[in-house]
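Q: I would like the atomic coordinates for the input below:
(chains A and B)
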Amino acid sequence: MSKEVLRRLLTYIKPYGGYLIAALVFAVLNVTLTLLAPVLIGQGIDRILGPGQVDFVGLIPILIELGASILFASLFQWLMTLCTNIVTYRTVRDLRCAAFHKLNHVPLKTIDKNSHGDLISRVVNDVDMVSDGLLQGFAQLFTGIVTIVGTLVFMLAINWVIALVVVLVTPLSLFVASFIARRSYNMFREQSAIRGELGGYVEEMVGNQKLVKTFRYEGRAQSHFEEINSRLYDCGVKAQFYSSLTNPCTRFVNSVVYAAVGIIGAISAIFGHLTVGQLSSFLSYANQYTKPFNEISGVVTELQSAFASAKRVFDVLDEADEPADAPDAVFMASCEGDVALKHVSFSYQKQVKLIEDLNIHAKPGQRIAIVGPTGCGKTTIINLLMRFYDIQGGEIAVDGTDARRITRDSLRGLYGMVLQDTWLFSGTIRDNIAYGKPDATDEEILAAAKAAHAHSFIKRLEKGYHTVITEDGGNLSQGQRQLLCIARVMLINPPMLILDEATSSIDTRTEIRIQKAFDKMMEGRTSFIVAHRLSTIREADLILVMKDGRIIEQGRHQELLDQNGFYATLYNSQFAAEDAG
Amino acid sequence: MFQLVRYLKPFKKQVILGPIFKLLEAILELIVPLVMARIIDVGVQNRDVSYVLKMGGLMVLLGIIGLCCALVCQYFAARASQGVGTLMRNDLFSHINRLSHAQIDEVGTSSLITRVTNDVNQLQVAVAMLIRLVVRAPFLVLGAAVMAMILDLKLSLIFLAAVPLIVLTLYLTMSKTAPFYRTIQKKLDRISLITRENLEGVRVIRAFSRQKAEKERFDEASDDLAGSAIRVGRVSALLNPLTYVIMNGAIVAILWFGGMQVNNGELMQGQIIAFVNYMTQILLALVVVANLVVLFTKAAASAARVNEIFAMTPGLSDKGNTLKAPAEGAPKIEFKDVCFSYLGEDGEEALSHVSLKILPGQTIGIIGGTGSGKSTFVNLIPRFYEATKGEVLVDGVNVKKYPFEQLRGMTGVVPQQAVLFKGTVRSNLLWSNPDADEQTLLKALKTAQALDFVEKLPQGLDTPVVQGGKNFSGGQKQRLTIARALAGNPDILILDDSASALDFATDAALRRAIREHTEGMTVLIVSQRANTVKRADQIVVLDDGEVAGIGTHQELFDTCEVYREICLSQLSKEEAAK
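A: Got it, this is the predicted structure:
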């Protein structure tokens, strides 16, 4: 509902109430002076009656007054616009920041399930639409309302009968406008939604250009894009046409008003109730009085479009936050590294059970390797350890404290995490390594890069540590990106470590060296490793073999081989399967 | 901006008729003050009520005709502006699809999205305004001026004096604000970039608890944008008041000089009123012009950004290439002394002097350290990049001579990053070959070791895939991407380290299945794992962009130091020697 949207928008405008009031004051001053002008012009005309009947002495002061009122009217108009600009752009900035802030606080589920392109479109395009709407809205709504009130007063002072006619007829235009606006709101909403869909599609296709080219998908992508685009066209034409009806319709109402004033005014003048000068001012007023209705009705449609966009932004803001930390949650700066999963159950979708009654106990300093066929829930365990997703049953305890009783930030700070998915942001290599510790010294960064064996390739780059990583990281190979992600974790020196296929794109010789650096760093610290490489797994203190969300075997490498169970089959299969072929 | 005018062409009818109807309306509007003057000068002077009523009726009639004209114009404006935007977006998208990866990287995905959506929107608004107002407003100004001249030439000189002042004001504000608008769009790009990064990197950001810092980064960008907008607003806000001052100054002059003329009997009172009316009308029209100027300055910034994309000529082109038949007896793939650098001829070489022949049906393993040039090597075959020196031949024909459609149709690539697209499992598999039947898809899934888990999904092939395929695990995604490439039944299959997330049993089964089910397919396997490439017909060992050795496992193990080191770092002695 647009009323609800308006109410919420107002709460964002509130902090700039001062500017808003100033704008209103300037609007009143501007309009009063603007309205004074026709009176003065009318008075001036009444001094110019005919040949030899021009009162120049009386005319001069009137013209001076007129000049002064014009100058001040302009000044106030400028000041008013400045104020509305500030209100609009700051409000919109706050709205944008709020939306962004929200994205950093929603559960990961929300981000995973929504189209990123659409979310970006909300933060960029929709907020922009709100800004356009508000800007127009303020500028015209203010002067509009003040002008209506002002002209009414002036007209009533001159002749109340004609004033009454104007008052009665003009609101017709508001009726027309609101009728149109109600219909166009929905169209604008649809338009914004399709625009978001389009943005999402561009994001997906442009972001994965290589695949598009590989599969010669350009043609099909194009036709899909054109399909969305043509829907946008249909909807856009409708929305634009409907909303643009307002102006001609209200203008028509105005010309009727103008004609009515002309006729009644002329007849009154014939019967001597009105001077010709007064009639002239009246006609000016009729014009000036109806104009704001015209503009307000225009604004109404502009606002409909803004509201439709604002609604989409508010939808983001209405997403539930990650549940707040428990009131008695502790801040855990460091830990021994005793992690226990007790009877944990979890699933992404209610119907599809994933993890049930999972029990793991990692003792301080242990290296835990998690293996199993793909899709068995290895990555999910990491999601749960980091509390990216919350468990649905059981308990995860760190040093005996339930993870839910530890603040999320401090819990996550206990783990250093390197994922297969190598995320870097578009900044320098130095800033990327220092991501977890922005105040790190150059020596620390150098040491971390060396430990991650990233130093040698970085120093070969033209700008070394100041090389800017491009948005899609095209200037680095997958393996190099992984090395940077590892350096990033090396730098923060966390008490526990999570490695999810962290070295999958790195050659094994480098990997072994990195492993050694990790070993040194992790001495006596707990680590969780998801990997397929034997070298990593073989030396683990505890190997957990997972299948279908359960742990089916656990032990050391040799023990498991001796058991001759699933792990042994898995391990031997790499040779067996190959040789059988 | 003018390069984009061609988009108006298909909408000639709307673009010409729209303003004409608007003009009709404007003419009617101009007649109204005349009618009013008649009412005062004839009706009131002669105390003729029926004349007043008649003229009043005429005014209403003019209003109705005006309404109809306006509606027609609005309709044309909606059709044309949305149409222009739609065509432009289509062309932009198709042009972006032709750009090379390096070019897209240069502009950045976020900026491309902003350009396709936000910038085109701005242009769309400009077109609508063009049709609705660009003729009408200047016409009203001109018309009013002409009418005034007809009324009295001497007094109308005041209009002529006001015009240069107005033009100067417009010019000054326009030239002052234009550069700002470009910056503003650029700052909007940054907003979109940070948002995108935060969505993609949400796990890392939260793991490092950097939400606050990210928020600050965003706030700063957002602040910056608001600051620029407010600054530019300060200048553009001058436009209206200045116009107001100039035009009302003219009214003062009209009253004074007009008064003199009335005194001399050259003019009548009603005519002065008409003059003032025209002046007011001009003022209103000029306010519209001023707003148009702001709008077009903004649109010009957007147009420049859109044009920037159109101006990028695709780095690689297959223009004029015709279908090629394979050369008799040629190797499937041949590298002839190939060098490649990402930075052009003088840049540091990512590959140097690679020569190699691959026979049809062979399986080739490519192994080497991080950054050794493995991916670069395979990227040259479907011509994602082009050799800086030397030649890459497929079926004995230089890859530059193939149409992309044919070349890339022959090659199936499974990239490192397993990306699935929004849709269903089926729609993803159909990427490589839209006409593939159920049988082909199932076979591809089976070979890719993905049939088991896909069959277990409640909706099977029709299971929805969310954007980026986040509802599948890394290993599942990789297997689906392999199946996707297989479904196209390519001559050449390139697996670019695309089994890294598979456990070793699945990995082994996969290779076996590929060998068994893909008769005659030439397979290139890029891998870090010695085990994966061990049984290949030929293994290419790359080290720092150079070929360190080519041969079978046994040959290389005995002669190639780099290869031996890799093997020994991964396998036990017995395993390596097998």
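
Q: now residue A:155: which helix or strand?
A: Element membership for residue A:155, per DSSP states H and E: helix A:127-158.

Q: the helix or strand that comes right after that helix near chain B anywhere?
A: For helix A:127-158, the succeeding helix or strand toward the C-terminus, using DSSP H and E, is helix A:160-169. No - shown here: helix A:160-169 not in contact with chain B (C-beta under 8 Å from any C-beta of the partner chain), separated by at least 11.9 Å. For the C-beta atoms, the positions are set from N, CA and C on the backbone; glycine is no exception.

Q: so does whatever helix or strand residue A:459 lives in get close to chain B?
A: Using DSSP H and E, residue A:459 sits in helix A:455-460. Yes - using C-beta under 8 Å from any C-beta, helix A:455-460 comes into contact with chain B via A:457, A:460.

Q: what's in contact with that helix?
A: With contact meaning C-beta atoms under 8 Å, 6 or more residues apart in numbering or on different chains, helix A:455-460 is reached by A:429, A:446, A:449, A:464-465, A:467, A:480, A:483, B:348, B:370-371.

Q: repeat that with 6 Å
A: A:429, A:449, A:464-465, A:480, B:371 (C-beta atoms under 6 Å, 6 or more residues apart in numbering or on different chains).

Q: got a list of what residue B:550 touches?
A: residue B:540.

Q: what's the per-residue pLDDT of it here?
A: pLDDT for residue B:550: 89.

Q: the one 5 residues further on now?
A: Among the per-residue scores, residue B:555 holds a pLDDT of 87.

Q: please identify the helix or strand for it.
A: Residue B:555 is part of helix B:553-559, with elements assigned from DSSP H and E.

Q: is any part of the helix or strand following that helix close to chain A?
A: Downstream of helix B:553-559, the first helix or strand assigned by DSSP H and E is helix B:561-570. Yes - residues of helix B:561-570 contacting chain A under C-beta under 6 Å from any C-beta of the partner chain: B:569-570.

Q: quick one: mean pLDDT for helix B:561-570?
A: 80.

Q: likewise stretch A:75-82?
A: Stretch A:75-82 comes out at a mean pLDDT of 91.

Q: how far off centre is that stretch?
A: Averaged C-alpha coordinates place stretch A:75-82 at 31 Å from its chain's average position (C-alpha atoms, centre = their mean, to the nearest Å).

Q: residue B:520 reaches residue B:361, doesn't it?
A: Yes - using C-beta atoms under 6 Å, residue B:520 is in contact with residue B:361, at 5.1 Å.

Q: who has more neighbours out of these two?
A: More crowded of residue B:520 and residue B:361, by other C-beta atoms under 10 Å in any protein chain shown: residue B:361, with 14 against 8.

Q: residues in contact with the more buried one?
A: Contacts of residue B:361 (C-beta under 6 Å, 6+ apart): residue B:520.

Q: assign it to helix, strand or coil.
A: Following DSSP: H, G, I helix; E, B strand; the rest coil, we place residue B:361 in the coil state.

Q: and the stretch 1-150 of chain A, which residues reach chain B?
A: Applying C-beta under 6 Å from any C-beta, we find that the stretch 1-150 of chain A lies next to chain B at A:41, A:44-45, A:48, A:51, A:54, A:59, A:63, A:66-67, A:70, A:74, A:77-78, A:81-82, A:85-86, A:89-90, A:93, A:96-97, A:100-101, A:104, A:111-112, A:115-116, A:120, A:123-125.

Q: now which of those residues would you call buried?
A: The neighbour-count test (16 or more other C-beta atoms under 10 Å in any protein chain shown) marks A:41, A:44-45, A:48, A:54, A:59, A:63, A:66-67, A:70, A:74, A:77-78, A:81-82, A:85-86, A:89-90, A:93, A:96-97, A:100-101, A:104, A:111-112, A:115-116, A:120, A:123-125 as buried among these.

Q: quick one on the thing from earlier: tell me what angle the helix holding residue A:155 forms with helix A:160-169.
A: 150 degrees (axes from the mean of the first three to the mean of the last three C-alpha atoms, to 10 degrees).

Q: by contact count, what packs against helix A:127-158?
A: helix A:17-46, helix A:56-103, helix A:276-317 (3 or more C-beta pairs under 6 Å, 6 or more residues apart in numbering or on different chains; DSSP states H and E).

Q: C-alpha coordinates for the helix or strand following the helix holding residue A:459, CSV please?
A: Following helix A:455-460 in sequence order, the next helix or strand is helix A:478-492 (DSSP H and E). Output of helix A:478-492 as CSV, limited to C-alpha atoms (Å, rounded to 0.1, in the frame of the first residue of the first chain):
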residue,chain,number,x,y,z
GLN,A,478,42.5,-19.3,-9.9
GLY,A,479,45.5,-20.8,-8.1
GLN,A,480,47.0,-17.3,-7.5
ARG,A,481,43.7,-16.2,-6.1
GLN,A,482,43.7,-19.1,-3.7
LEU,A,483,47.2,-18.2,-2.6
LEU,A,484,46.0,-14.7,-1.7
CYS,A,485,43.1,-16.1,0.2
ILE,A,486,45.5,-18.2,2.2
ALA,A,487,47.8,-15.3,2.9
ARG,A,488,44.8,-13.4,4.1
VAL,A,489,44.2,-16.0,6.7
MET,A,490,47.9,-16.4,7.5
LEU,A,491,47.9,-12.8,8.5
ILE,A,492,45.2,-13.0,11.1
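
Q: which residues are in contact with helix A:478-492?
A: Here helix A:478-492 has contacts from A:416, A:418, A:422, A:432-433, A:435-437, A:440, A:448-449, A:451-452, A:454, A:457, A:473, A:505-506, B:370-371, B:416, using C-beta under 6 Å, 6+ apart.

Q: among those, which ones are in helices?
A: Per DSSP state H, helices hold the following members of these: A:432-433, A:448-449, A:451, A:457.

Q: give me the buried subset of the residues you listed.
A: Neighbour-count burial (16+ other C-beta under 10 Å) applied to these gives A:432-433, A:448-449, A:451, A:457.

Q: show me where the stretch 201-350 of chain B has its helices.
A: Taking DSSP state H, counting those that start in this stretch to define them, one finds helices in the stretch 201-350 of chain B at B:202-207, B:211-236, B:239-263, B:269-311.

Q: may I see the buried residues of the second one?
A: Using 16+ other C-beta under 10 Å as the burial criterion, the residues of helix B:211-236 that qualify are B:211, B:214-215, B:217-219, B:221-222, B:224-226, B:228-230, B:232-233, B:236.

Q: intersect those with the contacts of chain A.
A: Okay, of the buried residues of helix B:211-236 touching chain A (C-beta under 6 Å from any C-beta), that's B:211, B:215, B:218-219, B:222, B:226, B:229-230, B:233.

Q: who are the contact partners of the one residue in the stretch 101-250 of chain A that gets nearest to chain B?
A: In the stretch 101-250 of chain A, the residue found nearest to chain B is residue A:248; the distance is 3.4 Å by C-beta to the nearest C-beta. By C-beta under 6 Å, 6+ apart, the contact set of residue A:248 is B:67, B:70-71.

Q: sec struct for it, please.
A: From three-state DSSP, the assignment for residue A:248 is helix.

Q: what's the distance between it and residue A:238?
A: 17 Å (C-beta to C-beta, to the nearest Å).

Q: likewise for residue A:452?
A: Counting by C-beta to C-beta - residue A:452 and residue A:238 are separated by 56 Å.

Q: what pLDDT does the model give residue 5?
A: I went with chain A, as the question did not name one. Per the predicted model, pLDDT is 86 at residue A:5.

Q: oops, chain B please
A: 83.

Q: how about residue A:2?
A: Confidence score, pLDDT, at residue A:2: 69.

Q: any chance of the helices of the stretch 201-350 of chain B in CSV, with mean pLDDT too?
A: Output for those, formatted as CSV (pLDDT from 0 to 100):
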stretch, mean pLDDT
helix B:202-207, 80
helix B:211-236, 89
helix B:239-263, 87
helix B:269-311, 83
